[in-house]
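Trainee: Sequence and predicted model, in that order:
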Amino acid sequence: MSRLLYFIYYLKKLDRKKFFLFLDYTAQQRNISKFRIVCDMVFASFRYNISLLEYFQFRFFEKPSEERKKWAGTGFMYEYQKKMNPVGERHILDDKTLFHSRYAPFFKHRVYNLATLQNDKALAEDILKNEEIVLKVSDGKCGVGVAFVKAKDFSPDSLIDYMIQHQFDLAESYIKQHPDLMQLSPSAVNTVRIFTQLNQHNEVDILGCRLRISINCKVDNMAAGNVAAPIDPATGLVNGPGVYSDITKKPEKIHPVTQTPIEGFVVPFWKECLQLVQSAALLHPQNRSIGWDIVVTPDGPGLIEGNHDWCKLVWQLPVNQGLKEMLVSYV
C-alpha cells in the first residue's frame, strides 16, 4: 500500500514535459519501444521506490536488477532523512532566517531578514553599499524564490517596499567568489556541496563532496540546468566531469562557456572547507545527515545553507554510482 501511495505522489509531481523528452530520447537511443520502457519504469518505481524521472536519470533502462538495488531514490531518501533529521528539529535548516542566526559564525556574507531591515534602516543602508543584492524567500529550495537586484536602483525604503511587494523576506550581500572559481564559471557563485553524517559515536563522516557549476546561469543548481562534478575528499581535486540531471546532455569535461577544464580543477581552501562542515555538523547534532552548501571566497569558505532533504541526484549522478548501501549502514 505504501508503494502505491508513493507512486501516486510521483505521478502528481511529475514534470510531464521532461518525462516525454526523456522517454523519446531513451526510445531512440536504445531502440526500445516506449510501451516497453513505460512498463519497466512502472515496475522499477514500485520495486525500488524511485520516481518516474529517476528511472531515466539513474539510467535504469540499461541496468540489471543487482545494479538498480544500489540506487537511493526519492522514497528511500524521504524515509531516511525523516529518521536522521526529525520533523521537529529540521526547522533550523528549513528556515533561512533561523539558519543564519544559529550558524552565523560560519558565514562570510551578510544576511538580514525583512523585519530587521524595517526596524533598523541603517542595516538597509549597509547592504545597499554592495553593487548587487540577493533577495530570497526564507523557505526557498533549488534556487526558486531568488532574485538578483542592483543596489543603485534602491533606497532603504524602496528596498523594503520591493521586498514586501514581491514577498521576499531575506536580503543578502552578493558574494565574491574565489578567482579560480570565477575563472571556471563567472555567471553565478559556484558552491561546494558536502554531505555529512553523524555516526553512532557522534563523529562526522563525509558521505561525498561535489562542485556545483553554473552553465551561463545566475544560480548553480542542477535543477536549473547546471552540472555537478565529484570532488576527491582527500585532496579537493575534481576527479570527474560535470554531469547534468538532463539525460539528453553529455557530461562536460571542459566548461562549455569559459573553456576552463572541470576535471582536474582544485577547490581552493579545501582543508578549511572540510573543517567548516565538520564543525557545523556538530553544532546541532539532532540533525544528523546534512548537505552543506559552501561558498569559497578569496578569504576562505563560508556557509550558504544546510539541507536536511539533500539531493540524491547531486550525490549519486556525478560518480555514476548508486550509494544507498552507504546510508543503510547508519540505520
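Mentor: Yes, it's here. Just so you know, these numbers come straight off a predicted model, no measurement behind them.
Trainee: can you give me the strands for the stretch 51-200 of the chain?
Mentor: 111-113, 132-136, 146-150, 170-173, 192-198 (DSSP state E, counting those that start in this stretch).
Trainee: CA atoms of the last one as PDB?
Mentor: These are the backbone C-alpha positions of strand 192-198, laid out as PDB (Å, rounded to 0.1, in the frame of the first residue of the first chain):
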ATOM      1  CA  VAL A 192      30.700  23.200  -2.900                       C
ATOM      2  CA  ARG A 193      28.100  20.600  -1.600                       C
ATOM      3  CA  ILE A 194      29.500  18.400   1.200                       C
ATOM      4  CA  PHE A 195      27.300  15.600   2.600                       C
ATOM      5  CA  THR A 196      27.900  14.900   6.300                       C
ATOM      6  CA  GLN A 197      26.600  12.100   8.500                       C
ATOM      7  CA  LEU A 198      27.000  11.700  12.300                       C
END
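Trainee: Give the partner strands of that strand in its sheet and their orientations.
Mentor: Strand 192-198 sits in its sheet next to strand 204-213 (antiparallel), strand 289-297 (antiparallel), going by DSSP bridges.
Trainee: Residues touching stretch 132-151, excluding its own?
Mentor: Stretch 132-151 is contacted by residues 94-98, 113, 127-131, 154, 159, 162-163, 166-174, 218-221, 223-224 when judged by C-beta atoms under 8 Å, 6 or more residues apart in numbering. C-betas here are computed from N, CA, C, even on glycine.
Trainee: ok, now which ones touch the residue lying closest to residue 80 once chain neighbours are set aside?
Mentor: Nearest residue to residue 80 in three dimensions, chain neighbours excluded: residue 327, at 5.5 Å (C-beta to C-beta, 6 or more residues apart in numbering). Residues in contact with residue 327 (C-beta under 8 Å, 6+ apart) are 72, 76, 80, 197, 207, 289.
Trainee: just curious, which of those residues is nearest to residue 308?
Mentor: Closest approach between the contacts of residue 327 and residue 308, by C-beta to C-beta: residue 289, at 7.6 Å.
Trainee: Can you check the pLDDT for the closest one?
Mentor: pLDDT, residue 289: 98.
Trainee: Count the residues that sit near the residue nearest to it when sequence neighbours are not counted.
Mentor: The shortest distance from residue 289 to any non-neighbouring residue, by C-beta to C-beta, 6+ apart, is to residue 84 (3.9 Å). Residues near residue 84, counting by other C-beta atoms under 10 Å, number 20.
Trainee: Start the count at 40 instead of 1 going forward.
Mentor: Yep, numbering from 40; the last one is residue 123 now.
Trainee: Next step: the contacts of stretch 171-190 restricted to helices.
Mentor: 133, 135, 136, 137, 166, 198, 201, 202 (DSSP state H).
Trainee: Format these as CSV; extra columns: neighbour count, pLDDT and distance to residue 54.
Mentor: Listed next are the ones in helices among the contacts of stretch 171-190 as CSV, based on neighbours: other C-beta atoms under 10 Å; pLDDT from 0 to 100; distance: C-beta to C-beta, whole Å:
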residue, neighbour count, pLDDT, distance to residue 54
133, 18, 88, 23
135, 21, 81, 25
136, 18, 81, 30
137, 14, 87, 30
166, 22, 85, 35
198, 24, 90, 34
201, 16, 92, 31
202, 25, 89, 30
